[in-house]
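Engineer: only the shape, not the letters, is given here:
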């Protein structure tokens, strides 16, 4: 009899718990969700109010940034453009770094951050989910000096409304250990077909978006696959990219998402070749690692970053003040030189310590900028315009990436 | 006798209410909600969870090969780590229980427990340094023309076995302490050698203690994602898949679906462990 | 002593040797941590190119480390208090009566620690953020920690009850003391050392916990493990992390020794191992 009692009690308890959980359940998100089936820029963004004026600073601002974008002296005492901002505006800046766009997207959803430097593979997702508010560019003094080819792009605006202010752009590079990799590599093949030369010491970026790098390589080396845009891959093209990456994996020591982990791996010799950002190469060189970074002949994927403001921001005024500050010529010059990218504000070119900086990075060259394959969220509607096939979306890429890592 | 004394059931009920509310309702409720989430799906683009009942998460789990291989890999490493820890723990526990003097016993317990207080992260990181290309293992191996095994499955197994060793030593030690000395004497009187005694008498008696310890080594390995990231190189375990999906991939329903795997495995393991009487030895 | 002739000399010798070897291996990584806290190279190349006290100086001055340490202590204390309360209540309840759901209760108490941290953490995060809609904070961390710390107190108290039986309390009540008086003057003193041992274990569990904590902490909260996690790879901070870890290990001997003394024998600690 007691045993029956136990089972009955357990059953009732379970049913009760389930009922409770179903009733509360999970939040299906605030506001009207947006459909992603339409082409980029063609979906209906949720109705999020836009700030009309900048009021009094709230005293602090929570910044979510790519490493190197908001330096406050903690990495290196002489690298600091956040403290002047704090002094000028009275907004205490709390900076958090993230390693991939996915992390940024997820962190923004917590609602704890005011501004984020979003790459093209996160921007539209932030808009569609209602996380990002439209930006009132009239409130930003420096908006007029931003390079025109960065404004009103598919990845940072919807129906003519800007959802952020451009920060800068650049390419993913190939970094190698000069003592081990000789002669200097000129092609991404060094980490694909040629990876076995450095077996166990290759590294790659730990994010599904890296599939685009493989696709780019295939675009140049296997044209019969018909890849036009590394972010518009149908099932077969995706499978080809995945195969290439699975072969690469045999030679990979670690995938990196924390940029300092890559610095360390190159310094200790655990990695000798792999994809990188300029800032990582610079920091590694500063630590004494013998590395160089090059832009291979096939071209590269890259990023074009936009500062966006959260729709749930608790410090919107400080948020706007930050966006204005970071796009001012002096700050732009500092960030661009430290990180190693082209600044969005072309007036920064006069203020860089290296006078040929902007030339090296082609900051004012719209044609060059058009050649980099910026991180974009892959969607079902093919980004290269094909209508006869369905392209794979980011969810497919995420599953594929798990398969690549095995 | 008071009102309460006449109703022992009520007394028990009152005493139990706070813990049961906490564990039974709050914790189980949270688990239940998580499991329900696994039956929903997520919009890839906006990241919103759509409350449409679907089994597609579980279908993906069963059909896509990689998740099966990750599951088997995780279980395999968990078993390997458990075995390694059991093999390492038994002699030490035996020494502590039967040979060490009471003072030495106390010192040994402290010695075994102290590493638990060094942060788990720091220990994993120390092993990363050991296996690194310019670390001590490479340095020692170099004169022999060998090299460090580097980051990967081997490093993961070694590190995890190292991290969970104290969790295995202590229950086994407690279990061996309970084996009366007189059994050894009796066995010796009957003509059995020491090794024989160990194998036929001590081990079977201590078996529940091993199972108790293994619950931790198994469970901790099934869910680990941090140590793997630090020393595992490109290795992915179940914990990584859950963590990546709830975090970066932002796919909570799928993460919840993956999370059911360790839950099922551990519940089965606990059920089996209960049969051996190990739960009383926890 | 009776011990000395229960085993052959060969067996004793090999056991002693084995124990010594394993202990050495256990402490090598810790020794490496200590050594690296003096290493001039901040990515810890081996062998160390030089030695310095610089990192110790920085660690002493490090505000971040200090704040994180204090936060961890606060969280662990709060979680331990809750665990003490709930664990004792549960052990008291299950003590004598063959309660029909005894196994269920035991299982429930073990579950938070038997299930992998990822699962527990995820469940809590989902529960707090999406179902209840509350912000993550130090309190959410405390709640999560207390949940898996209950078992340490429960086991310790239960073991103590099993050892001592209920005669003393029965005698006390026969002599006329009420329930509460009996608890205060007889039961509680009996349990004191078991409670303390359980509390120390629970404190240790909560102090070093990283997995569940990452899920239930807000971005502003930094317990010591979170601080370590965030600074592990930073070139200027990693050696400080080593310093902090070395200090922790050295200081940990104190609470462990205390717990030993309090539980009377080693069994009190180990019998309640989690």
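Structural biologist: Done, it's in. A quick note: this is a predicted structure, and the numbers were derived from the prediction, not measured.
Engineer: make it CA atoms for all contacts and neighbour counts henceforth
Structural biologist: Will do.
Engineer: helix/strand/coil for the residue of the stretch 51-200 of chain A found nearest chain C?
Structural biologist: For the stretch 51-200 of chain A, the nearest residue to chain C under the criterion C-alpha to the nearest C-alpha is residue A:75, separated by 7.1 Å. Judged by DSSP: H, G, I helix; E, B strand; the rest coil, the three-state class of residue A:75 is coil.
Engineer: where does the stretch 251-400 of chain A get nearest to chain B, residue-wise?
Structural biologist: Taking C-alpha to the nearest C-alpha, the stretch 251-400 of chain A has residue A:254 as its residue nearest chain B, at 4.3 Å.
Engineer: what does that residue show for phi and psi?
Structural biologist: phi -150, psi 150 (degrees, to the nearest 10).
Engineer: how about residue A:225?
Structural biologist: phi -70, psi -20.
Engineer: with the one 5 residues further on instead?
Structural biologist: With angles defined as degrees, to the nearest 10, residue A:230 sits at phi -60, psi -10.
Engineer: contacting residues for it?
Structural biologist: Residue A:230 makes contacts with A:212-213, A:215-216, A:219, A:373, as judged by C-alpha atoms under 8 Å, 6 or more residues apart in numbering or on different chains.
Engineer: let's see if you can find the most crowded of those.
Structural biologist: Comparing the contacts of residue A:230 on neighbour count, residue A:215 comes out first with 28 neighbours (neighbours: other C-alpha atoms under 10 Å in any protein chain shown).
Engineer: with adjacent residues omitted, what lies nearest to that one?
Structural biologist: residue A:230 (5.1 Å; C-alpha to C-alpha, 6 or more residues apart in numbering or on different chains).
Engineer: if we can go back for a sec, wait, isn't the residue of the stretch 251-400 of chain A closest to chain B in contact with residue A:248?
Structural biologist: No: assessed by C-alpha atoms under 8 Å, residue A:254 is found out of contact with residue A:248, at 11.4 Å.
Engineer: more neighbours: which of these two?
Structural biologist: Set side by side, residue A:254 and residue A:248 show unequal neighbour counts under other C-alpha under 10 Å, the larger going to residue A:254 at 28 against 22.
Engineer: spit out the contact partners of the residue lying closest to the more buried one once chain neighbours are set aside.
Structural biologist: Using C-alpha to C-alpha, 6+ apart and skipping the chain neighbours, the partner closest in space to residue A:254 is residue B:233 (4.3 Å). Remark: with contacts taken as C-alpha under 8 Å, 6+ apart, residue B:233 is in contact with A:253-255, B:151-152.
Engineer: what pLDDT does the model give residue B:233?
Structural biologist: The predicted local distance difference test score for residue B:233 is 88.
Engineer: which element is it on?
Structural biologist: With elements delineated by DSSP states H and E, residue B:233 resides in a region that no helix or strand encompasses.
Engineer: residue ranges with poor pLDDT in the stretch 1-150 of chain A?
Structural biologist: For the stretch 1-150 of chain A, the stretches flagged by pLDDT under 70 are A:1-43.
Engineer: ditto for the stretch 1-150 of chain C
Structural biologist: Ranges of the stretch 1-150 of chain C meeting pLDDT under 70: C:1-6, C:96-100.
Engineer: which residue ranges of it form helices?
Structural biologist: With DSSP state H, counting those that start in this stretch as the criterion, the stretch 1-150 of chain C has helices at C:9-36, C:54-61, C:63-93, C:102-114, C:117-125, C:138-164.
Engineer: same check, this time on the stretch 101-250 of chain A
Structural biologist: Per DSSP H, counting those that start in this stretch, the stretch 101-250 of chain A has helices spanning A:101-109, A:120-128, A:211-221, A:235-249. These are given in chain order.
Engineer: do the lengthiest helix in chain B and chain A meet?
Structural biologist: For chain B, the helix reaching the highest residue count under DSSP state H is reported as helix B:65-94. Yes: using C-alpha under 8 Å from any C-alpha of the partner chain, a contact is recorded between helix B:65-94 and chain A, made by B:66, B:69-70.
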